[in-house]
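Enquirer: please find the sequence and the predicted model below.
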Amino acid sequence: MNNYRKIMMPIIVLIQVAVLVFMAVNQEYILAAGKKVMLKCEPIDPRSLFSGDYVILNYEITRTDLDTITVKPGEKQSFRVNETIYIALEKPESSKYWRAAAASRDINWLRSMYKTVIRGRIDRYYNIKFGVEDYFVPQHEGINIERNLDNVHVEVSVMPDGKSAISRLFLDGREMRFY
């Protein structure tokens, strides 16, 4: 039994380290290879905007009105809670911010018409969460962001499969650097 423990303990530690390395490498790959899109943030109810050392961000595309954008013909417009949804993004010439142009459960249909598609999930309030709503910042830095959320915008890296990650955060047009 003692030899078994000597063999298994290093294997378990190696597996745990490998999982952590994979998670970090995957995030860095999204940041490096993803298409950069600028999203405008919206202030949200300040009940719990700042907890510890992260801020909660809300975007204009979070509350996309599916009645006003293109949806795949024949596809029901009613999406269910926790359902995956893909939102095609386009950048109007008159703005630096990208906006929702179309929505579907079918990423291939969207990619046939739009170059940039972000993956989201319908939350219990029927908003769309893209996985880029929490942003970790150094302690005490979040207060300034929290107070000025209407002047915050975020650069997000979007992969061809719709995965996304925050690459940069801007406050009043200036990049916030935390390192």
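Expert: Yep, that arrived.
Enquirer: mind checking the SS state of Met9?
Expert: Recorded secondary structure, Met9: helix (DSSP: H, G, I helix; E, B strand; the rest coil).
Enquirer: and it, what does it touch?
Expert: Applying Cβ atoms under 8 Å, 6 or more residues apart in numbering, we find Met9 in contact with no residue. Any C-beta I mention is one placed from the backbone N, CA and C, and that applies to glycine too.
Enquirer: got a pLDDT number for it?
Expert: In this model, Met9 is scored at 92, pLDDT.
Enquirer: that one and Glu141, how far apart?
Expert: Distance, Met9 to Glu141, using Cβ to Cβ, to the nearest Å: 39 Å.
Enquirer: figure out how far stretch 129-138 is from the centre of its chain.
Expert: Relative to the chain's own centre, stretch 129-138 is displaced by 7 Å; criterion: Cα atoms, centre = their mean, to the nearest Å.
Enquirer: residues of it that come out buried?
Expert: Applying a neighbour-count criterion of 16 or more other Cβ atoms under 10 Å, one finds Lys129, Phe130, Val132, Glu133, Tyr135, Val137 buried in stretch 129-138.
Enquirer: could you do stretch 28-36 as well?
Expert: Going by 16+ other Cβ under 10 Å, stretch 28-36 has these buried residues: Ile30, Leu31, Gly34, Lys35.
Enquirer: go on, stretch 73-85?
Expert: Phe79, Ile85.
Enquirer: mind checking which residue lies nearest the centre of the chain?
Expert: Geometric centre of the chain, nearest residue: Val132, 2.7 Å, by Cα atoms, centre = their mean.
Enquirer: so that residue makes contact with Ser164?
Expert: Yes: in this structure Val132 lies within contact range of Ser164 using Cβ atoms under 8 Å: 5.4 Å.
Enquirer: what is in contact with those two at once?
Expert: Val156.
Enquirer: inside strands: which ones of the buried residues of stretch 129-138?
Expert: Judged by DSSP state E, the buried residues of stretch 129-138 include Lys129, Tyr135 as members of strands.
Enquirer: and the buried residues of stretch 129-138 as a markdown table, adding distance to Arg111 and pLDDT?
Expert: Formatted as a markdown table, these follow (distance: Cβ to Cβ, whole Å; pLDDT from 0 to 100):
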| residue | distance to Arg111 | pLDDT |
| --- | --- | --- |
| Lys129 | 21 | 95 |
| Phe130 | 17 | 96 |
| Val132 | 20 | 93 |
| Glu133 | 24 | 91 |
| Tyr135 | 27 | 84 |
| Val137 | 33 | 79 |
